[in-house]
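Q: sequence and predicted model, in that order:
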Amino acid sequence: MPSEESKTAAPDEFLQVVFNIPVEGPFTYRQPEPKEKPATKKVGKETAPVRRGMRVEAPFRGRLMTGFVVDTSTERPEGSFKILPVKRSLDTEVLFGDTQIDLARWISRMYFCSLGESLSVIIPGGKRESRAEFIPAEEDSFHIPAQLSPAQEQALERIAAGKERMYYLYGVTGSGKTEVFLQLATQTIKSGGAVIYLVPEIALTHQLIQQVQSRFEGAAAVWHSKLTPSQKLKEWRRMQAGEVRFVIGARSAVFSPMENIGLIIVDEEHESSYKSGQTPRYHARQVAMKRCILAEAKLVMGSATPSLEAYELMNRGQIVKLELPDRVSGGQMPVVESVSMQGQKRAISDRLTEEINKTAAMGKQTILFLNRRGFSYFFHCRSCGYEMKCSHCSVNLTYHKGRHRMICHYCGYSRRPVDVCPECGSLDIGYSGFGTEKIEEDIRQLFPQLRVARVDTDSTRKKGSLQAILKDFKAGEYDLLLGTQMVAKGLNFPKVRLVGIVLADSALNLPDFRAGERTFNLIVQVSGRAGRFMEEGKVLVQTYKPQVSAIKKAVEHDVARFYEEELEIRRQLMFPPFYRLFRIVVRGRDKGRVLSVIENIESLLSPVEQVDSSTEVLGPSPCPIEVIAGNHREQLLIRSQNFGKVHSFLYQWHLGFERPRGVHVEIDVDPVSLL
């Protein structure tokens, strides 16, 4: 925690303040004006001076804004401008110190944003503190560390004794990576260090959170987006005070302010949710690497399907690879089978129908996965080909039968369905494709005897509903669980024999160079839910393209061969991990203005190609999803093998570039999606 400064401000002490705006600071202010109080009353805490590391409310361009005090000085800056006082301090104690400011400066430079924007994503926004609720432990929570397998023991010893900075637990689903992580955490805390444990989605880690809370009782905190700002502020203060030595959470938990960080864990390292979609567009894995360098800590990552970037670093020896080849709970890897959907009349094939019935007869459970919610993909006219698109985005609307609305999954726009084609008046219309809502209806008709639960963002809007469904499924209250991404990872159900992937092709058609990698990862991860505690686990992968490499290799569980082939394709196409990418997106409501700005940026950036022969500017071109929420979108891509020089060139351009009115300019370093 930062050291306390004097409680008495110098007569003319100035504050250097930054704000959450895309404008470089800092801006100079004076201490707040002292409040007049009756002589009979003592001066309250609010008269204490504002110090470095506090938040303030200050006037900025005609309005009051929250700012961060990054420095104080008794020297007045040069110039004859008027220096205003801040209105008040939002903190009575220092909230952030050198560690957070240094990290924010690195984020600011790395991801092309202002210091205020980077501090705003690090520092909690609550005005007052309130305690977060812990998740109550279930009766079958793990309280005693499990007996390690020889491979787990070897990995634990290698990391504990190793001098290297980065390690990777590369093991099949169910191989016990979590237990190794937790025992490493225990060792780190016993030796006086603190631990950050990152997970891709906190809502799906109920079982893991219970293990953490039972093992690190009183010294653990859970950090996630569902906490209120006040709860986050309370947990932040506990971390600062040294009460918390273990933090588990999603992406932003990487900023946890504990001193003496000894270990950062990145579970399911391949997940794209570790990348922020808003300014600053940081990747938690990159921030974790930086924090480990600054704190001289160890970074341990893990997945059954590493990102190609991590896989290539393991090949080069820059990350220590530790393999966990076997499942530790007694279950065998499931038998995976592809099912061609050619000629099938229903979304649930005859083969999948047969296995669902067989699984139910055995008293076991089934999970069905579909990478799309809603009732159907889209509305179209068979006469003229009209498709009902969002009026604000260049995507099709999805029909939700339960709400009887056509809904855009990008901006939320909705409208009532129609009975005739709005374009030609034809009655020959229909809904193509299918979503979880449609599959649920089909399942209830095909298997009226089964108890079915659906898990997607539509069915789990109510607080606690997701955990309730998962708990009931684990207890055997349901025979079949149907869901989207929520059932694809992190879940561990002893009675699940069968996993069906309703349509494995949905991600393959996206115009993104990572489409094959994502499809492969998804099949392997979903397959990992089957047969964890039994010998006979089965996975059926329904597809129209069984010979596509991503699907074929996932079905064969030939991970090494898929990575070899995909890496060779990436090498030939000059894409990551062999080249680094920078993506610049210009968006705005006036298409002409957007085009003018992107063309101007292209001319300003074209000299970057002189850095070396590997550097190339691609575009400008429309984004694959050209319009979102009424904003037209154009993009430039810069790819290069010389990341440092290109980054420096872009950073200097970014500092001098005047943001034009009426458009937004986004710079994304190492984008995970090009949509």
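A: That came in fine, so what should we check first?
Q: residue 425: neighbour count?
A: As a burial measure, residue 425 scores 10 neighbours (other Cβ atoms under 10 Å). Quick note: C-beta positions are derived from backbone N, CA and C, even for glycine.
Q: same thing with residue 245?
A: 22.
Q: over to residue 468?
A: For residue 468, the count of nearby residues is 14 (other Cβ under 10 Å).
Q: how about it, secondary structure?
A: Three-state call for residue 468 (DSSP: H, G, I helix; E, B strand; the rest coil): helix.
Q: any idea how far it lies from residue 205?
A: Noted for residue 468: a distance of 16 Å to residue 205, by Cβ to Cβ, to the nearest Å.
Q: could you look up the SS state of the residue nearest to residue 350 when sequence neighbours are not counted?
A: Nearest non-adjacent residue to residue 350, counting by Cβ to Cβ, 6 or more residues apart in numbering: residue 344, 7.2 Å away. What three-state DSSP gives for residue 344 is coil.
Q: show me the helices in the stretch 301-450 of the chain, by range?
A: 308-315, 350-361, 436-446 (DSSP state H, counting those that start in this stretch).
Q: same list, those, but as JSON lines with mean neighbour count please.
A: Listed next are the helices of the stretch 301-450 of the chain as JSON lines, based on neighbours: other Cβ atoms under 10 Å:
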{"stretch": "helix 308-315", "mean neighbour count": "20"}
{"stretch": "helix 350-361", "mean neighbour count": "17"}
{"stretch": "helix 436-446", "mean neighbour count": "18"}
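Q: CSV for those helices, including distance to residue 391 and mean pLDDT?
A: Listed next are the helices of the stretch 301-450 of the chain as CSV, based on distance: least, Cβ to Cβ, whole Å; pLDDT from 0 to 100:
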stretch, distance to residue 391, mean pLDDT
helix 308-315, 38, 96
helix 350-361, 37, 96
helix 436-446, 23, 84
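Q: nearest to residue 100, of the ones you listed?
A: helix 308-315 (26.9 Å; Cβ to Cβ).
Q: who touches that closest one?
A: Residues from elsewhere that reach helix 308-315 (Cβ atoms under 8 Å, 6 or more residues apart in numbering): 166, 168, 170, 269-270, 301, 303, 306, 319-321, 517, 563, 566-567, 570, 576-578.
Q: let's see it at 10 Å
A: The contact list for helix 308-315 (Cβ atoms under 10 Å, 6 or more residues apart in numbering) reads 166-168, 170, 266, 269-270, 283, 285, 301-303, 305-307, 318-322, 514, 517, 559-560, 563-564, 566-567, 570-571, 575-578, 580, 670, 672.
Q: which among the residues you listed end up buried?
A: Buried by 16 or more other Cβ atoms under 10 Å: 166-168, 170, 266, 269-270, 283, 285, 301-303, 305-307, 319-320, 322, 514, 517, 559, 563, 566-567, 570, 575-578, 580, 670, 672, out of the contacts of helix 308-315.
Q: what's downstream of the helix or strand harbouring residue 263, the next helix or strand?
A: Using DSSP states H and E, residue 263 sits within strand 261-267. Per DSSP H and E, the first helix or strand lying C-terminal to strand 261-267 is helix 284-295.
Q: one step back: next step: the contacts of helix 308-315 restricted to strands.
A: If you go by DSSP state E, those have 166, 167, 168, 170, 266, 301, 302, 303, 320, 321, 322, 580 in strands.
Q: would you turn those into CSV with distance to residue 615 and pLDDT?
A: Shown next, in CSV, are those (distance: Cβ to Cβ, whole Å; pLDDT from 0 to 100):
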residue, distance to residue 615, pLDDT
166, 27, 97
167, 32, 98
168, 30, 98
170, 32, 94
266, 30, 98
301, 29, 98
302, 34, 97
303, 31, 94
320, 31, 98
321, 31, 97
322, 36, 97
580, 10, 97
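Q: closest to residue 197 out of those residues?
A: residue 266 (8.7 Å).
Q: mind splitting this structure into its structural domains?
A: Domain assignment for the chain, taken from automatic domain parsing, gives 14-122, 150-324, 335-375+434-569, 580-669.
Q: and the second one, how far apart are its ends?
A: Taking Cα to Cα, to the nearest Å as the measure, domain 150-324 stretches 9 Å from start to finish.
Q: ditto for the third one
A: End-to-end distance of domain 335-375+434-569 (Cα to Cα): 28 Å.
Q: off-centre distance for that domain?
A: In terms of Cα atoms, centre = their mean, to the nearest Å, the centre of domain 335-375+434-569 is set 22 Å apart from its chain centre.
Q: please apply the same query to stretch 166-173.
A: Distance, stretch centre to chain centre, for stretch 166-173: 19 Å (Cα atoms, centre = their mean).
Q: just stretch 155-175 next, same as before
A: Chain-centre distance of stretch 155-175: 23 Å, with Cα atoms, centre = their mean.
Q: and it, how far apart are its ends?
A: 12 Å.
Q: on that earlier part again, neighbours of the residue nearest to residue 350, how many?
A: Taking other Cβ under 10 Å as the neighbour definition, residue 344 ends up with a count of 15.
Q: report the buried residues of the lengthiest strand in the chain.
A: Longest strand of the chain, by residue count under DSSP E: strand 616-628. Buried residues in strand 616-628, counted by 16+ other Cβ under 10 Å: 617, 619, 620, 622, 623, 626, 627, 628.
Q: now swap in stretch 117-130 and tell me
A: Within stretch 117-130, judged by 16+ other Cβ under 10 Å, the buried ones are 117, 118, 119, 120, 121, 122, 123, 124, 126, 129.
Q: just those residues: which are in strands?
A: Short answer: these have none in strands (DSSP E).
Q: what angle sits between the one helix or strand residue 179 maps to and strand 261-267?
A: Counting by DSSP H and E, the element that carries residue 179 is helix 177-190. For helix 177-190 against strand 261-267, the angle by axes from the mean of the first three to the mean of the last three Cα atoms, to 10 degrees is 170 degrees.
Q: what ranges do the strands span in the stretch 501-650 of the chain?
A: For the stretch 501-650 of the chain, the strands defined by DSSP state E, counting those that start in this stretch occupy 538-543, 580-588, 616-628, 631-640.
Q: I'd like these as CSV, with distance to residue 522 appended.
A: Formatted as CSV, the strands of the stretch 501-650 of the chain follow (distance: least, Cβ to Cβ, whole Å):
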stretch, distance to residue 522
strand 538-543, 10
strand 580-588, 22
strand 616-628, 20
strand 631-640, 25
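Q: hang on, isn't residue 625 packed against residue 409?
A: No: under the criterion of Cβ atoms under 10 Å, residue 625 is not in contact with residue 409, lying 11.1 Å apart.
Q: which residues are common contacts for these two?
A: What both residue 625 and residue 409 touch, as defined by Cβ under 10 Å, 6+ apart, is the set 393, 395.
Q: contacting residues for residue 261?
A: Taking Cβ under 10 Å, 6+ apart, we find residue 261 in contact with 99, 188, 193-196, 247, 288, 291-292, 294-298.
Q: what do you get for residue 19?
A: Contacts for residue 19 (Cβ under 10 Å, 6+ apart) come out as 25-27, 58, 60-61, 65-68, 114-117, 119-120.
Q: please name the nearest non-neighbouring residue to it.
A: Closest residue in space to residue 19, ignoring its immediate chain neighbours: residue 116 at 4.5 Å, by Cβ to Cβ, 6+ apart.
Q: now do the same for the one you found: its pLDDT.
A: Residue 116 is assigned a predicted lDDT (pLDDT) of 97.
Q: now a PyMOL select for only the buried ones of the contacts of residue 261.
A: Per 16+ other Cβ under 10 Å, the buried members of the contacts of residue 261 correspond to this PyMOL selection:
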select buried, resi 99+188+193+194+195+196+247+288+291+292+295+297+298
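Q: going by distance to residue 213, which of the contacts of residue 261 wins?
A: Closest to residue 213, out of all of the contacts of residue 261 and judged by Cβ to Cβ, is residue 247, at 12.2 Å.
Q: how about that closest one, secondary structure?
A: Once three-state DSSP is applied, residue 247 turns out strand.
Q: give me the beta-bridge partners of it?
A: Going by DSSP bridges, residue 247 is paired in beta bridges with residue 196, residue 221.
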